[in-house]
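*Asks:* Pasting a predicted model and its sequence here:
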Amino acid sequence: MSSSNEPPLLTSDGRARLEERARRLEEETIPAVLEAMDEGEDELGLQLEYDMATNELERLKYVLETARSVDEIPEDPDIVQIGDWVSIRTEDGEVERHLIVHPAEAGIDVNRISAESPLAVAVLDKRVGDEVIINAPSGAYPAKIIETLRVH
C-alpha cells in the first residue's frame, strides 16, 4: 500500500470520473451557488454549500494533478495491489468482489473500496490463496483471497 507521502494512484476510469466531477463543480455547482447568493437566498446554507464545493474542488484538483496511473505499477498477477479487482470468500462461503482504489476514487460506485478500508488493508500485498483477517467495524472475520485481476 502507498504511504501518504506518495502520489495517489488512480484507475483511468476513476480519473475520468473525478475530472468530470471537478468540471461540474467548477462550471455548474459553484456558479449556481454564487448566483443564488447574489440573489439573496439563504445565505448561511449557501455559504456552507459554497465552502463544501470549493473545498471538494481543491481536493479533486490536487489529487488529479499529483496522481499517477495504476498502470505505472509493475503488475504482479499473484499479489493484490491498488487498481486490482479482488475476490474473497468469507467463512460462510459468500464471495465478494471489489475494486481497490485510492480513497478519492472510492465513492464513485458500489464496487470500489478505498485502499484504506479494513478489507483492502487486509488483502493488499497478499497473495491469491492467502487467508486474511478483516478487521471490520462490526468485528473481525476471516476470508480467503480467491482471485485478483488488474484493471486496464
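*Replies:* That came in fine, so what should we check first? The model shown is predicted, which means the values in this text are computed figures rather than measured ones. Numbers count the residues shown, from 1 in each chain.
*Asks:* which helices and strands does the biggest helix by length in the chain pack with?
*Replies:* Among all segments of the chain classified by DSSP state H, the helix with the greatest residue count is helix 43-66. Counting contacts by 3 or more C-beta pairs under 8 Å, 6 or more residues apart in numbering; DSSP states H and E, helix 43-66 packs against helix 12-24, helix 30-38. Backbone N, C-alpha and C define where each C-beta goes, glycine included.
*Asks:* model confidence over it, on average?
*Replies:* Confidence over helix 43-66, taken as the mean pLDDT, stands at 93.
*Asks:* immediately after it, which helix or strand?
*Replies:* Next in sequence after helix 43-66, counting helices and strands by DSSP states H and E, comes strand 68-69.
*Asks:* quick one: buried residues of the next helix or strand after that next one?
*Replies:* Note on strand 68-69: by DSSP H and E, the next helix or strand toward the C-terminus is strand 84-90. Residues 84, 86-89 are the ones in strand 84-90 that count as buried (16 or more other C-beta atoms under 10 Å).
*Asks:* and the angle from the longest helix of the chain to helix 12-24?
*Replies:* 140 degrees (axes from the mean of the first three to the mean of the last three C-alpha atoms, to 10 degrees).
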